[in-house]
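**Student:** 3D, please:
(chains A and B)
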Number of protein chains: 2
Amino acid sequence: MIELKNDRFLRALLKQPVDVTPVWMMRQAGRYLPEYRASRERAGDFMGLCTNPEMACEVTLQPLERYPLDAAILFSDILTIPDAMGLGLYFETGEGPKFRKPVRNEADVDALLVIKPEQDLPYVIDAVKTIHRELNGRVPLIGFSGSPWTLATYMIEGGSSRDFRRAKEMLYNQPEVMHRLLDVLADSVTAYLNAQITAGAQAVQIFDTWGGALSHSAYQEFSLKYMQKIVAGLIREHQGRQVPVILFTKGGGQWLELLANTGATALGLDWTTDIGQARARVGKQVALQGNMDPTILYAKPERIRAEVAAILASFGKGSGHIFNLGHGITPEVDPVHAGAFIHAVHELSGGYHS
Amino acid sequence: MIELKNDRFLRALLKQPVDVTPVWMMRQAGRYLPEYRASRERAGDFMGLCTNPEMACEVTLQPLERYPLDAAILFSDILTIPDAMGLGLYFETGEGPKFRKPVRNEADVDALLVIKPEQDLPYVIDAVKTIHRELNGRVPLIGFSGSPWTLATYMIEGGSSRDFRRAKEMLYNQPEVMHRLLDVLADSVTAYLNAQITAGAQAVQIFDTWGGALSHSAYQEFSLKYMQKIVAGLIREHQGRQVPVILFTKGGGQWLELLANTGATALGLDWTTDIGQARARVGKQVALQGNMDPTILYAKPERIRAEVAAILASFGKGSGHIFNLGHGITPEVDPVHAGAFIHAVHELSGGYHS
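**Tutor:** Purely as a prediction, here's the structure:
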């Protein structure tokens, strides 16, 4: 077992004392970095990066070379599971992910099998091992997966969607079929995250990117329930260390109490929620991760700094906060601004810890 | 003054007793109706419909011919105000609204003048008068406007946007310029809605479609504040009748208390909020409008009926609920399903009123 040189991220997740508030950025290995664009150019395309463990490792480490980030996150795509299930993931320029064989009916659902990560997604597990080795204890490595509902939307729609018409038609007209699909996905996600943990991921995050598109009641039945099932099936201790689980439902600010009751270690917040109010609501149960509006990174560094200060003040004193953006960093952001953000978190948060 | 034959909608807004829960649908005069598509064909395009008071009246009344709706809503676009300010609104097929001369800097903002509705948007005011006359008291007529922040996003971006990059750059880097823009818009919206009220609109709704894209604090400073200013400036009684004001921030479920404190009569809810919980939070101050997921209209009529029943049960007994969708009805909906929805509200709600 490699000794961790910087364990702020894990300590904050467990609400143990830290010197400063840890920070990382969703999509921190991404197109805003020229070195990432160069790697992607060499790899040919996005999936070329994901499927090559050495290259996935290379881009995972790039933001850590630039910035004093407190965590690395596996470079991969949320749609590897459906791809491994045989749906044929591909990317069309400017159009996002697509599937050649989307799930359209009951027969399509019944043909799906729970994935065996080591066998079906060896490139991801190898990437985790490679990154863990190359990180050499610098910071913890985060593994991740999409939530069952979020994966299901892409699988049914065949790609991105504006109103999730097909997915919701199945949800409302054939709820039992939707539940079977979500069950296969929940079991697959559980196996996938456990394989990442065994391979070296020291924390895992579930991205429920489209949970916020569901109604209050449908959210509980079709997204939350399956995340809860995953949380219950995860390896929660590995090599003598707790493995924190972070749940992030974008647009889920109204459902924090429900999310906190799943047994997750921490909740991700988007920028529409006041983090101080969130702490008052669920801070006894969970740590909180977030939640600066990513578009603030388009603003001047002094404005970024002011926003960091406001979020730190809203959370207040003590551990249990992992600073992050409320969603992924966007390709147009100036890397200098991202650096100003990360430095501001460390510089301004010391006074909240003692 | 024309006597109202069906005043359920106005009574529910004021929490006065009703026989059944009133219902209307956002975008009820729209592309899902074949008769609307025929009118639009005749008019040439969407703006041709908006700018011709007789045709705007024709399409406004179409859904009332089909369904026992409890309110009519002026057929128009939210972007008429920026168009009247000289930005040059146009529509590209499949791409939504665009502006020929978007607002890009301080000089552009300072060149904007508060609109004079009767002079700058005579076609809208004439449409309200025509519809009011043709309705002849059948149901109340709703006037509407976009919120200042929502209008500002289109004006700055030049059209629709995914992350509101330009609008947020102005908001974060030049907040005083953004405030000047929002001030001109708030004064224009106030004048516009007051002109609609004087011309015959018996209630008004402000659509804050993009308020939910703002952070918790930016929402208060850049959207809520200006809606509050408008509410304070509106004609609240006309021809001896109260004129209710409905505020609808899509994605604003976390901010209902703030919205209720503006002095609005009612709040619109999207489908992510449980209406019973919303009533417990703000039901003493305001009526509630909503909030079925519009995509449920893709489901079978019996499923639609079950969802109507669940929402009615969640709100519970008594007046103060106007049934609606959580957002506009979409073009692909079967008009038979829309009818099943409307009938279900009237059939199933009687027991909640006595």
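**Student:** contacts, neighbours, all on C-alpha from now
**Tutor:** Will do.
**Student:** flag every residue of the stretch 251-354 of chain A that's near chain B.
**Tutor:** Taking Cα under 8 Å from any Cα of the partner chain as the measure of proximity, the stretch 251-354 of chain A contacts chain B at A:251, A:253-254, A:271-274, A:293, A:295-296, A:298-300, A:303.
**Student:** narrow those to those in helices?
**Tutor:** Judged by DSSP state H, those include A:R303 as members of helices.
**Student:** which pair of the residues of the stretch 251-354 of chain A next to chain B spans the longest distance?
**Tutor:** Spanning the widest gap among those are A:Q254 and A:K300, at 31.0 Å by Cα to Cα.
**Student:** neighbour-wise, which of the two wins?
**Tutor:** A:Q254 (19 against 14; other Cα atoms under 10 Å in any protein chain shown).
**Student:** quick one, what contacts that one?
**Tutor:** B:253-254, B:273 (Cα atoms under 8 Å, 6 or more residues apart in numbering or on different chains).
**Student:** contacts for the helix or strand of chain A with the lowest mean pLDDT?
**Tutor:** In chain A, no helix or strand scores lower on mean pLDDT, DSSP states H and E than strand A:89-92, which sits at a mean of 89. Strand A:89-92 has contacts (Cα under 8 Å, 6+ apart) with A:46-47, A:79-80, A:82-83, A:97-100.
**Student:** give me the neighbour count for A:L14.
**Tutor:** So A:L14, with other Cα under 10 Å, has 19 neighbours.
**Student:** isn't it up against A:A287?
**Tutor:** Yes - assessed by Cα atoms under 8 Å, A:L14 is found in contact with A:A287 at 7.0 Å.
**Student:** how about the host helix or strand of A:E134: buried residues?
**Tutor:** According to DSSP states H and E, A:E134 maps onto helix A:122-135. The neighbour-count check on helix A:122-135 (16 or more other Cα atoms under 10 Å in any protein chain shown) flags A:123-132, A:135 as buried.
**Student:** any chance of these in a markdown table, with distance to chain B and pLDDT too?
**Tutor:** Output for these, formatted as a markdown table (distance: Cα to the nearest Cα, whole Å; pLDDT from 0 to 100):
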| residue | distance to chain B | pLDDT |
| --- | --- | --- |
| A:Y123 | 32 | 97 |
| A:V124 | 30 | 98 |
| A:I125 | 33 | 98 |
| A:D126 | 35 | 98 |
| A:A127 | 31 | 98 |
| A:V128 | 31 | 98 |
| A:K129 | 35 | 98 |
| A:T130 | 35 | 98 |
| A:I131 | 32 | 98 |
| A:H132 | 34 | 98 |
| A:L135 | 33 | 98 |
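**Student:** for the stretch 251-354 of chain A, which segments count as strands?
**Tutor:** With strands called from DSSP state E, counting those that start in this stretch, the stretch 251-354 of chain A shows them at A:266-268, A:287-292, A:321-325.
**Student:** could I get those strands as a markdown table with mean neighbour count?
**Tutor:** A markdown table is the format used below for the strands of the stretch 251-354 of chain A (neighbours: other Cα atoms under 10 Å in any protein chain shown):
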| stretch | mean neighbour count |
| --- | --- |
| strand A:266-268 | 29 |
| strand A:287-292 | 26 |
| strand A:321-325 | 28 |
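**Student:** tell me which of the ones you listed sits nearest to A:T93.
**Tutor:** Among the strands of the stretch 251-354 of chain A, strand A:321-325 sits nearest to A:T93 (Cα to Cα), with 25.4 Å.
**Student:** helices or strands up against that closest one?
**Tutor:** Judged by 3 or more Cα pairs under 8 Å, 6 or more residues apart in numbering or on different chains; DSSP states H and E, the packing partners of strand A:321-325 are helix A:8-13, strand A:287-292.
**Student:** which outside residues touch the helix holding A:E134?
**Tutor:** Under Cα under 8 Å, 6+ apart, the answer for helix A:122-135 is A:50-54, A:56-57, A:60-61, A:74, A:76, A:117-118, A:141, A:143, A:195-196, A:199-201.
**Student:** can the longest helix anywhere in chain A be said to contact chain B?
**Tutor:** Longest helix of chain A, by residue count under DSSP H: helix A:175-199. No - Helix A:175-199 does not reach chain B (Cα under 8 Å from any Cα); its nearest approach is 10.6 Å.
**Student:** count of residues packed around A:E347?
**Tutor:** Count around A:E347 with other Cα under 10 Å applied: 14.
**Student:** give the closest residue to it in space, chain neighbours not counted.
**Tutor:** A:V20 (8.0 Å; Cα to Cα, 6 or more residues apart in numbering or on different chains).
**Student:** what do you get for A:W149?
**Tutor:** A:W149's closest residue in space is A:S223 (Cα to Cα, 6+ apart), at 5.2 Å.
**Student:** and which of the buried residues of helix A:122-135 is nearest A:N173?
**Tutor:** Relative to A:N173, the closest of these is A:V124; by Cα to Cα it sits at 35.2 Å.
**Student:** export stretch A:202-218 to CSV, keeping only CA atoms.
**Tutor:** Extracted in CSV, the C-alpha atoms of stretch A:202-218 (Å, rounded to 0.1, in the frame of the first residue of the first chain):
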residue,chain,number,x,y,z
GLN,A,202,-9.5,5.7,-3.0
ALA,A,203,-12.9,7.3,-3.3
VAL,A,204,-15.8,7.0,-5.8
GLN,A,205,-18.3,9.4,-7.2
ILE,A,206,-21.6,8.6,-8.9
PHE,A,207,-22.6,11.3,-11.5
ASP,A,208,-26.4,11.5,-11.6
THR,A,209,-26.3,14.2,-14.3
TRP,A,210,-29.9,13.8,-15.4
GLY,A,211,-31.6,13.0,-12.1
GLY,A,212,-32.7,16.7,-11.9
ALA,A,213,-34.9,16.1,-15.0
LEU,A,214,-37.2,13.8,-13.1
SER,A,215,-40.2,14.8,-11.1
HIS,A,216,-40.0,14.7,-7.3
SER,A,217,-41.6,11.3,-7.1
ALA,A,218,-40.0,9.8,-10.2
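**Student:** quick one on the thing from earlier: pLDDT for the contacts of A:Q254 - can I get that in CSV?
**Tutor:** Below are the contacts of A:Q254 laid out as CSV (pLDDT from 0 to 100):
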residue, pLDDT
B:G253, 98
B:Q254, 98
B:T273, 98
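**Student:** what's downstream of the helix holding A:E134, the next helix or strand?
**Tutor:** Downstream of helix A:122-135, the next assigned helix or strand under DSSP H and E is strand A:141-146.
**Student:** so A:L121 makes contact with A:A84?
**Tutor:** Yes - with contact defined as Cα under 8 Å, A:L121 reaches A:A84; the gap is 6.6 Å.
**Student:** surely A:A84 is in a helix?
**Tutor:** Yes - counting by DSSP: H, G, I helix; E, B strand; the rest coil, A:A84 is found in a helix.
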